[in-house]
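Please work out how this folds:
(chains A and B)
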Amino acid sequence: KQEVTQIPAALSVPEGENLVLNCSFTDSAIYNLQWFRQDPGKGLTSLLLIQSSQREQTSGRLNASLDKSSGRSTLYIAASQPGDSATYLCAVSPIQGAQKLVFGQGTRLTINP
Amino acid sequence: DAGITQSPRYKITETGRQVTLMCHQTWSHSYMFWYRQDLGHGLRLIYYSAAADITDKGEVPDGYVVSRSKTENFPLTLESATRSQTSVYFCASRLAGPSYNEQFFGPGTRLTVL
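Numbers count the residues shown, from 1 in each chain, chains lettered A, B, ... in the order given. Next up is the predicted model:
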């Protein structure tokens, strides 16, 4: 059974710092991996989708990498801002049951002004 | 407005009552999903649908019923609500094909069962 883990559960950093969020998964047989952002009381916003054949994807100050063989992904946020404060979730699409997403429990990020 | 909407956004009900949560998307996405989000469990898939009239169970389907008579709608019914079904419910949709598995989520429905 595919399991997704995100460590740490919470992270607090000063504004302007670059930071990395981690995601690991137990089964490398995936189609893709998706990073989401969730603001308190809100739905999930898709940030980046990395196909299994890709190593990374970039959008603005965000860069996500994927190392499928080691079961790891990272989300790099450059020059963090208070508006980046949110919970960040990663989810994988397993080849077995590809229509589903398996989620990690998220990292709650706080950027301090 | 285009996108995926859920109604109601908040609902309080009593144990044993039937409750229906609505989900509507305007993208004509083939796939639609229902998740629940709970502290300590994260997001878990309840049911999904690959197309109109095609539905299948997810990880936690017990106590829930779904239907999909039209591509754009995917209602979730709690036939006899229990306190353990107090949760935040999210609907999502995506295009067909595993390479397009970027899912888009609605704003959620916060359900409280007393």
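
CA atoms for contacts and neighbours, from now on please.
OK.

Local confidence estimate at the residue in chain A positioned nearest to chain B?
Across chain A, the shortest distance to chain B (CA to the nearest CA) belongs to A:Gly43, at 4.2 Å. Model confidence at A:Gly43, given as pLDDT, is 90.

Ok, the one 10 residues further on next?
A:Ser53 is assigned a predicted lDDT (pLDDT) of 90.

Next: the one 10 residues further on.
Note for A:Asn63: predicted pLDDT of 97.

Kindly confirm my reading that it is in a helix.
No: applying DSSP: H, G, I helix; E, B strand; the rest coil, one finds A:Asn63 to be strand, outside a helix.

and the closest residue to it other than its chain neighbours, bridged to which residues?
Here the nearest residue to A:Asn63 in space, its sequence neighbours aside, is A:Tyr76; by CA to CA, 6 or more residues apart in numbering or on different chains that works out to 5.0 Å. Beta-bridge partners recorded for A:Tyr76 (DSSP bridges): A:Val20, A:Asn63.

From A:Asp84, how far off is A:Tyr76?
The gap separating A:Tyr76 from A:Asp84 is 12 Å, by CA to CA, to the nearest Å.

And for A:Phe25?
When A:Phe25 is compared with A:Asp84 (using CA to CA), they lie 24 Å apart.

same thing with B:Val19?
As judged by CA to CA, B:Val19 and A:Asp84 stand 36 Å apart.

For the two, indicate the residue with more neighbours.
Comparing B:Val19 with A:Asp84 by other CA atoms under 10 Å in any protein chain shown, the one with more neighbours is B:Val19, at 19 against 16.
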